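Trainee: For reference, the sequence and a predicted model appear below.
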Amino acid sequence: MNVLNWKSSPNGPLRGTLRVPGDKSVSHRAMMLAGLADGSSRIEGFLEGEDTLSTAAVMQALGVRIEADQPGVRIVHGVGLHGLKGVGQPLDCGNAGTGMRLLTGLLAGQAFDSTLVGDESLSRRPMGRVTEPLSAMGASFSTEDGRPPVRIHGGKALHGISYTLPVASAQVKSALLLAGLYAEGETEVIEPHPTRDYTERMLAAFGWPIRFEPGRARLSGGHRLQATDVVVPADFSSAAFFLVAASIVPGSELVLARVGLNPRRTGLLQALRLMGADIRVENEGVSGGEAIADLRVRHARLKGVELPPSLVPDMIDEFPALFVAAAVAEGRTVVTGAAELRVKESDRLAAMARGLQGLGVVVEESPDGAVIHGGRIGGGQVESLGDHRIAMSFAVAGLVAEGPIRIGDCANVATSFPGFVELANDCGFSVADAD
Ligand SMILES: O=C(O)C1=C[C@@H](OP(=O)(O)O)[C@@H](O)[C@H](O)C1
Ligand SMILES: C=C(OP(=O)(O)O)C(=O)O
């Protein structure tokens, strides 16, 4: 097992302009749609992270030729909607929930059987949330009691359904829309709260007729995808660690360049501003159909807040970082409505509560959130539980802790943020290998 331990020490101030890697959600989708399109698509800014490399490897195994001559650039030679070829071997999605859930939808309408497998963490995550509605569309699966491996029994005729998601999930929505490409009639997905709409926007960019608005998407089968070039913005979820870091380290000022600001991703910006953060949006523009901008963040005195639960889906991956901001803020921060955090790469509510408590922070965990009492963070030892976002969040905490924080099992940072340590140290972090 690939274990790597870090020591993050008090340091700062943080200074500089940095560009974080490409968006993970957009990279997964671009690879899948380009692979199914007619013609060749160029993807620029593709995330060279293990999650999206797994998705590329799966598409390649299914017969898609992919050229990777330069870092962050892929030329994907699409095989057309019905051009994928089945393989005898299991297809490995690694650590990526997004990869596995979207591929489950994409493969449900193929003529061949497939098996999707993942690492230890992914093998614990619920897949019934996609296989159940996909089964209602006529697809057929076997799982280990709703967990991976996901065996997809191909050759089934799919039909569209109208499905109201029980939880806000862009992954489930996307799985259904991808299966809908192969279904007879209309597939409609209704969400309890709007989630990131990259699948909808990218399907439209690849020429598939689709109607969507916040909270609702509809498409019908029987069309084709036309190759198109995709420019992937910098990942807001990766920028998030630096937004929190610069906010809490006195004297800091950082610029995060060209960050994707899809409104369904930027809940943390609102949350930090509610807490008193000083974050400015500069040089706004559009790239690859997505809003982008530079984010200038300066240190500010943060205060605890009652986080509006309506913000949760728009910052679903940013809670570990928010917990660190809350631990430094004056007063208490109350998080509710975030039970979904328990089924990510780790149980993120438990991982952050345990980790912060071990550093002397008072955290009261509840089934769907936590109350974090801000103040001081002590030094000590925490476990990331193999979860990239937990590891990076504690690296941020180390900047302002009373002593170094040793963080166990950080190798999985490479799934979403290759080069994190180098980039962080370049702007003033002090993260070193603790082995
Ligand atoms: O669709 C996506 O790309 C993602 C959706 C979210 O998951 P859920 O759909 O489970 O909320 C998020 O946590 C994940 O990192 C990426
Ligand atoms: C939850 C995440 O990803 P995934 O579901 O794709 O594993 C994440 O990146 O925080």
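Mentor: Arrived safely. Just so it is clear, the model here is predicted, and its values are computed rather than measured. Ligands and ions are numbered 1, 2, ... in the order given.

Trainee: beta partners of residue 293?
Mentor: For residue 293, the beta-bridge assignment (DSSP bridges) gives partners residue 259.

Trainee: I'd like the numbering to begin with 47 instead of 1 from here.
Mentor: With the count now opening at 47, the last piece we talked about shows up as residue 339.

Trainee: Now do the contacts for it.
Mentor: Residue 339 makes contact with 304, 305, 307, 327, 328, 329, 330, 331 under the criterion Cβ atoms under 8 Å, 6 or more residues apart in numbering. Just so you know, the C-beta spots here come from the backbone N, C-alpha and C atoms, and that holds for glycine as well.

Trainee: what does residue 458 give?
Mentor: If a contact means Cβ under 8 Å, 6+ apart, then residue 458 has 96, 141, 167, 391, 430, 432, 433, 434, 437 as its contacts.

Trainee: please redo it, this time with the cut-off set to 10 Å
Mentor: For residue 458, the contacting residues are 48-50, 96-97, 140-141, 165, 167, 391-392, 430-438, taking Cβ atoms under 10 Å, 6 or more residues apart in numbering as the criterion.

Trainee: on that earlier part again, looking at the contacts of residue 339, which is nearest residue 384?
Mentor: The shortest gap between residue 384 and any of the contacts of residue 339 belongs to residue 307, at 22.0 Å (Cβ to Cβ).

Trainee: ok, back up a step: among the contacts of residue 339, name the buried ones.
Mentor: Members of those that pass the buried threshold by neighbour count (16 or more other Cβ atoms under 10 Å) are listed as 304, 305, 307.

Trainee: Can you tell me which of the residues you listed is nearest residue 479?
Mentor: For residue 479, the nearest member of the buried ones among the contacts of residue 339 is residue 305. The distance, counting by Cβ to Cβ, is 28.2 Å.

Trainee: could you check the distance from the closest one over to residue 112?
Mentor: Residue 305 sits 26 Å away from residue 112, going by Cβ to Cβ, to the nearest Å.

Trainee: swap in residue 172?
Mentor: Summarising the geometry, the distance separating residue 172 from residue 112, computed by Cβ to Cβ, is 30 Å.

Trainee: what's near enough to touch residue 120?
Mentor: Neighbours of residue 120 in contact, by Cβ under 10 Å, 6+ apart: 73, 76-77, 80, 87-92, 94, 98, 102, 105, 112-114, 276, 278.

Trainee: pLDDT at it, what is it?
Mentor: As predicted, residue 120 sits at a pLDDT of 98.

Trainee: Correct me if wrong, but it is in a strand.
Mentor: Yes. Counting by DSSP: H, G, I helix; E, B strand; the rest coil, residue 120 is located in a strand.

Trainee: And for it, nearest residue in space, chain neighbours not counted?
Mentor: Taking Cβ to Cβ, 6 or more residues apart in numbering, and ignoring the residues beside it in sequence, residue 120 has residue 89 as its nearest neighbour in space, at 4.5 Å.

Trainee: list the helices and strands the helix or strand that contains the one you found packs on?
Mentor: Taking DSSP states H and E as the criterion, residue 89 maps to strand 84-90. Strand 84-90 sits against helix 70-82, strand 111-113, strand 119-125, strand 276-277, with contacts defined as 3 or more Cβ pairs under 10 Å, 6 or more residues apart in numbering; DSSP states H and E.

Trainee: Show me what the mean pLDDT comes to for the last one.
Mentor: Model confidence over strand 276-277, given as mean pLDDT, is 97.

Trainee: that older thread, from residue 81, how far off is the residue nearest to residue 120?
Mentor: 11 Å.

Trainee: what touches both of those two?
Mentor: Shared contacts of residue 89 and residue 81, defined by Cβ under 10 Å, 6+ apart, are found at 102, 112, 122.

Trainee: For ligand 1, state which of those is nearest.
Mentor: Taking Cβ to the nearest ligand atom as the measure, ligand 1 lies nearest residue 102 of the shared contacts of residue 89 and residue 81, at 15.3 Å.

Trainee: What sits closest to that closest one if chain neighbours are left out?
Mentor: Spatial nearest neighbour of residue 102, excluding adjacent residues (Cβ to Cβ, 6+ apart): residue 77 at 5.2 Å.

Trainee: burial of that neighbour, as a residue count?
Mentor: Residue neighbour count, defined by other Cβ atoms under 10 Å, stands at 30 for residue 77.

Trainee: what sits against it?
Mentor: Applying Cβ under 10 Å, 6+ apart, one finds that residue 77 lies in contact with 87, 89, 92-93, 98-106, 110, 112, 120, 122, 145, 148, 276.

Trainee: returning to that earlier point: please verify my assumption that the residue nearest to residue 120 contacts residue 122.
Mentor: Yes. Under the criterion of Cβ atoms under 10 Å, residue 89 is in contact with residue 122, at a separation of 6.5 Å.

Trainee: shared neighbours, the two?
Mentor: Both residue 89 and residue 122 are in contact with 76, 77, 79, 80, 102, 112, 114, 276, where contact means Cβ under 10 Å, 6+ apart.

Trainee: Could you check how many residues crowd around the residue of the stretch 47-196 of the chain at minimum distance from ligand 2?
Mentor: Here the stretch 47-196 of the chain gets closest to ligand 2 at one residue, residue 143, 2.7 Å apart by Cβ to the nearest ligand atom. By the criterion of other Cβ under 10 Å, residue 143 has 21 neighbours.

Trainee: check contacts around residue 84.
Mentor: 124, 125, 126, 127, 129, 252, 253, 270, 271, 272, 273.

Trainee: Adding pLDDT and secondary structure, write those residues out as TSV.
Mentor: Putting the contacts of residue 84 into TSV (pLDDT from 0 to 100; DSSP: H, G, I helix; E, B strand; the rest coil) gives the following:
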residue	pLDDT	secondary structure
124	99	strand
125	98	strand
126	98	coil
127	98	coil
129	98	coil
252	98	coil
253	98	coil
270	98	coil
271	98	coil
272	98	strand
273	98	coil
